[in-house]
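S.K.: let me see the structure of the following:
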Amino acid sequence: MRQSLLAICCGLFLLSSCQEKDLLVDNPPPPTDNLFWSFVPYYGEEGLDYDSIYQNELGISFMVDSVSLLITDVNFYDQNLKQTIDTAPNFIYLTRGTSEKLNGLLPAGGYYGSYNIFLGADSLKTLRYRQEVQRIAPSMVREDIFGLDFFKIKGRIFDPSKLPDTVLIPVEYTLGTYLLADTMNTDLRSFSIDNNQRITIVLLADLKPVLNKLNFNLIQDIYSDPTDLQDFTLAQQLKDSLAIGIF
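M.R.: Numbering: from 1, shown residues only. Okay, the predicted model is just below:
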């Protein structure tokens, strides 16, 4: 009797194992994020070296400590701009130390179209997602009502009145508010993916046009403050100089 019960239990265990295995085959786990973002700041024709000392056209020596980028939305449009696929959830924050991130899902299939990447957000969206942005990128949450910051450079300049290797003055330049919000578009591209592939999107930010003619000694902070005409004009000039390529 005891042997019969043992045989029945073994049979039930084997049957259960087969059923579970079959379920896994028939119902594979859903695909995970497959958009891999890589943010690469550079200066001129070379990748940015955070340990190097640079000198701009005005002869001012400086170092860059961090460069940060906040993406607020990503969409993929087909060639007719009729079908839109929302590829990323809300916000992607890329900065020194976390310049690469897996975020967003593009379903398996064949594609011909372009990515639209959004920088900045209006005040309503900021209020709606404030807690999430605070968790992901607290330094990009503005204290005013003008939306989000989306690009920030932090660095140091050498005090011109001191020896060049003794005293460093911190500088910070911020692009933000919905008045400066921007959209980056890729060229039309054709590709196909499956559930096991990653799509790498490289964002190249050239800082030389932004910093090469900037008088650090006179302008050590830019906040993109719409209520300060001088500050906002400088922010607009920096935004117009900023070149971010998508590959």
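S.K.: got the contact list for residue 111?
M.R.: Contact analysis of residue 111 by CB atoms under 8 Å, 6 or more residues apart in numbering lists 76, 78, 189-193. Backbone N, C-alpha and C define where each C-beta goes, glycine included.
S.K.: which is the next helix or strand following the lowest-mean-pLDDT helix or strand in the chain?
M.R.: When each helix and strand of the chain is scored by mean pLDDT, DSSP states H and E, helix 2-26 comes last, with a mean of 43. Using DSSP states H and E, the helix or strand that follows helix 2-26 towards the C-terminus is strand 35-43.
S.K.: note down every partner strand of the next helix or strand after that next one and its orientation.
M.R.: Once strand 35-43 ends, the next helix or strand along the chain (criterion: DSSP H and E) is strand 46-47. Within its sheet, strand 46-47 is paired with strand 35-43 (antiparallel), according to DSSP bridges.
S.K.: follow-up on the earlier one: need the contacts of residue 111 in CSV (columns: secondary structure and distance to residue 218).
M.R.: Listed next are the contacts of residue 111 as CSV, based on DSSP: H, G, I helix; E, B strand; the rest coil; distance: CB to CB, whole Å:
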residue, secondary structure, distance to residue 218
76, strand, 43
78, strand, 48
189, strand, 43
190, strand, 49
191, strand, 47
192, strand, 52
193, strand, 49
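S.K.: farthest-separated two in these?
M.R.: 78 and 193 (14.8 Å; CB to CB).
S.K.: list the contacts for residue 235?
M.R.: So residue 235 contacts 174-176, 180, 222-225 (CB under 8 Å, 6+ apart).
S.K.: wait, residue 217
M.R.: 60, 157, 160.
S.K.: partner residues bridging the second one?
M.R.: Read that as residue 157. residue 62, residue 169.
S.K.: with residue 93 as the reference, measure out to it.
M.R.: The gap separating residue 157 from residue 93 is 26 Å, by CB to CB, to the nearest Å.
S.K.: do the last one as well
M.R.: The spacing between residue 160 and residue 93, counted by CB to CB, is 34 Å.
S.K.: compare those two (neighbour count), which wins?
M.R.: The neighbour count for residue 160 versus residue 93, taken as other CB atoms under 10 Å, is higher for residue 93 (21 against 13).
S.K.: SS state for the more buried one?
M.R.: Remark: residue 93 carries the secondary structure label strand [criterion: DSSP: H, G, I helix; E, B strand; the rest coil].
S.K.: please name the nearest non-neighbouring residue to residue 51.
M.R.: Spatial nearest neighbour of residue 51, excluding adjacent residues (CB to CB, 6 or more residues apart in numbering): residue 63 at 7.9 Å.
S.K.: thinking the one you found is in contact with residue 55, fair?
M.R.: No - with contact defined as CB atoms under 8 Å, residue 63 does not reach residue 55; the gap is 10.7 Å.
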